[in-house]
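# please work out how this folds:
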Amino acid sequence: MTVAVLPGRGVIGWAAAADHKVVALRLTVAAAIFMLAGGAMALVMRAELAQPGLQVTSTETYNELFTTHGSSMIYLVMIPLALALGAYLVPLQIGAADLVAPRLNLFASWLLVLGGISIYGGFLTAHGAATAGWTEFLPLSDDTFSPGPGTDMWVAGVGLANLAEILLAGTILLTILTRRAPGMTMLRLPVFTWATLVTCLLTVFGFPALEVALGLIVAARHFGAEVNPVAYLHLFWFFGHPAVYVMFFPFLGAVAEVVQVFSGRRLVGYNALVLALLGFATGSMTVWAHHMFTTGQVPNEYFAITSTSLLVFAGIEYFDMTATMWRGVVRMALPMLFAIAFLAQFVIGGVTGVITASPVLDYHLNDSYFVVGHFHYTLFAGSMFALFAGVYYWFPKVTGRFLGDRMGRVHFWLLVLGTNLTFFPMFVLGYLGMTRRVADYPDQPGLDWLNLISSAGAAVTGVAMLVFLWNVLVSLTGGEPAGDDPWGGHTLEWATTSPPPRHNFDSLPPVRSFAPLLDLREERTL
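Here you go, the predicted model:
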């Protein structure tokens with residue numbers, strides 16, 4: 001059995017292919033390369049922070065590393081992976097042959113790659129790469145504090161990547177609205193497709209604000225414009241807060257699919273979950289300024305209340321998934337292990353988010369390592385585990401082979417250990433007053449050993465990622481054949497071959513609910 005992941009026209013054919021599956025895989029490969037580069041930078045930073053003093057890097061080099069690390073993980077890894085998952089699966093889940101405007105999607109995939117090359121190209125300039133963080137707040141990013149072309153290349157790279165993500169989200173959204181299979185009404189869409197739909201809405205409506213914010217940096221750097229830093233903050237966080245949920249919703253949708261299948265029943269509270277996703281997406285557009293409490297320039301009470309209210313929608317989503325497992329026959333396969341770990345660890349990220357959404361507490365914790373811990377519990381200990389749940393679940397569909405189970409369990413436990421050792425001490429470090437984005441810190445009691453534990457955890461996490469990479473390489477060439485529907489899936493992607501053909505389907509089963517294949521199985525048992 002061959003693994004027909006790539007079209008049979010060689011590297012050039014793969015690079016120029018407009019099939020939605022190839023576009024998604026191309027984005028995934030690019031994001032994986034940027035993730036390896038960004039992860040290597042994180043390991044260097046954690047080596048520097050293992051003890052007080054400058055041992056590994058200079059302050060300037062450290063600033064370049066944390067800026068490029070953060071920029072990689074946000075603009076080039078997590079957001080592209082979220083959209084790539086949708087680009088691959090949405091046409092399959094709704095019974096479509098391809099995405100709308102396939103050549104535009106091809107163009108968007110290469111825009112993102114060019115954006116990444118531009119960001120990393122800053123290292124080759126005389127003044128080095130950008131140094132003001134993944135946010136590049138003004139005035140830190142103007143030509144006084146950030147001289148040289150490195151910041152300009154960052155602006156160009158982020159602008160290209162962001163544009164690529166807007167284009168791709170727009171085509172996925174139009175595909176959902178216009179190319180559903182007969183019988184698939186909006187309230188029969190699979191949960192993952194609904195999660196992708198709200199993700200695309202957030203991207204289309206929130207991400208253009210970043211392009212305007214980048215224009216303010218250009219105006220300040222090259223045209224001498226006096227830009228109000230708070231105006232930049234408003235524009236940036238109007239993009240930045242929805243971006244957090246763009247990096248969350250598709251992976252939540254993947255976990256919901258996994259929980260249904262490995263609990264052996266359809267999702268409890270489907271309609272409530274759909275309403276929660278729509279409410280969550282709408283609410284997330286109203287809370288951007290909770291990142292700005294300490295500026296004194298926003299109505300803190302309003303943004304604190306709206307931020308805390310998002311807990312209602314999160315609670316519905318968690319209740320639906322735990323209720324699905326409660327009376328199900330749970331199979332503890334690898335996708336389910338990662339899904340449960342996501343549910344457990346994302347709670348930590350969510351609860352600490354409520355803490356930072358309180359202005360009184362945020363005045364103490366703002367710009368401390370507490371915020372770093374919170375952000376990484378949502379995006380790494382949270383969304384990354386959900387991504388792996390989806391990868392282990394859909395890898396057989398994409399390749400026709402399973403990922404290795406034994407190596408996968410080693411990957412899982414190393415990742416659980418590594419992420420919690422890395423990020424949990426950061427909450428204590430932030431409470432003790434350790435500032436984020438610094439290459440050195442005072443030799444005070446507690447800071448040294450907590451940072452050492454965090455750095456050791458980062459090393460374990462790095463090993464876990466290498467184990468996963470090795471598992472992928474081994475499984476692609478010699479993994480166990482999986483067949484077309486190895487898990488007993490509920491949705492239409494499991495009604496075609498593995499890997500799917502160019503046109504996705506030869507025929508489609510009737511669609512009478514959001515779980516059409518489960519409907520067929522239940523009919524056969526009557």
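# pLDDT of the host helix or strand of residue 221, averaged?
Here residue 221 sits within helix 208-222, counting by DSSP states H and E. Taken as a whole, helix 208-222 has a mean pLDDT of 97.
# who are the packing partners of it?
helix 150-178, helix 229-246 (3 or more CB pairs under 8 Å, 6 or more residues apart in numbering; DSSP states H and E). To be clear about C-beta, it is placed using only N, CA and C from the backbone, and glycine gets the same treatment.
# mind putting those in JSON lines, mean neighbour count, mean pLDDT and distance to residue 93 included?
JSON lines is the format used below for the helices and strands packed on helix 208-222 (neighbours: other CB atoms under 10 Å; pLDDT from 0 to 100; distance: least, CB to CB, whole Å):
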{"stretch": "helix 150-178", "mean neighbour count": "23", "mean pLDDT": "97", "distance to residue 93": "9"}
{"stretch": "helix 229-246", "mean neighbour count": "21", "mean pLDDT": "96", "distance to residue 93": "19"}
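# could you dump those helices to JSON lines with distance to residue 284?
Output for the helices and strands packed on helix 208-222, formatted as JSON lines (distance: least, CB to CB, whole Å):
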{"stretch": "helix 150-178", "distance to residue 284": "15"}
{"stretch": "helix 229-246", "distance to residue 284": "5"}
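# to residue 490, which of those lies closest?
helix 150-178 (18.0 Å; CB to CB).
# what angle sits between the helix or strand just after the closest one and helix 150-178?
Next helix or strand after helix 150-178 toward the C-terminus (DSSP H and E): helix 191-206. Here the directions of helix 191-206 and helix 150-178 differ by 130 degrees (axes from the mean of the first three to the mean of the last three CA atoms, to 10 degrees).
# buried sites along helix 191-206?
Residues of helix 191-206 classed as buried by neighbour count (16 or more other CB atoms under 10 Å): 191-204, 206.
# tell me the angle it makes with helix 229-246.
170 degrees.
# and helix 191-206, what other elements does it pack with?
When contacts are defined as 3+ CB pairs under 8 Å, 6+ apart, helix 191-206 packs onto helix 79-94, helix 150-178, helix 229-246, helix 249-263, helix 270-284.
# could you check how far the helix holding residue 221 is from the centre of its chain?
Its chain's average C-alpha position is 24 Å from that of helix 208-222, according to CA atoms, centre = their mean, to the nearest Å.
# with stretch 253-265 instead?
Put simply, stretch 253-265 sits 19 Å off its chain's centre (CA atoms, centre = their mean).
# for it, buried residues please.
Buried residues in stretch 253-265, counted by 16+ other CB under 10 Å: 253-263, 265.
# how about stretch 268-287?
Quick answer for stretch 268-287 (16+ other CB under 10 Å): 268-270, 273-274, 276-277, 279-281, 283-285, 287.
# nearest to residue 447, of the residues you listed?
Among these, and counting by CB to CB, the member closest to residue 447 is residue 287, at 31.8 Å.
# backbone phi and psi for the closest one, please?
Residue 287 has phi and psi values of phi -120, psi 10 when expressed as degrees, to the nearest 10.
# quick check: it touching residue 307?
Yes: using CB atoms under 8 Å, residue 287 is in contact with residue 307, at 4.5 Å.
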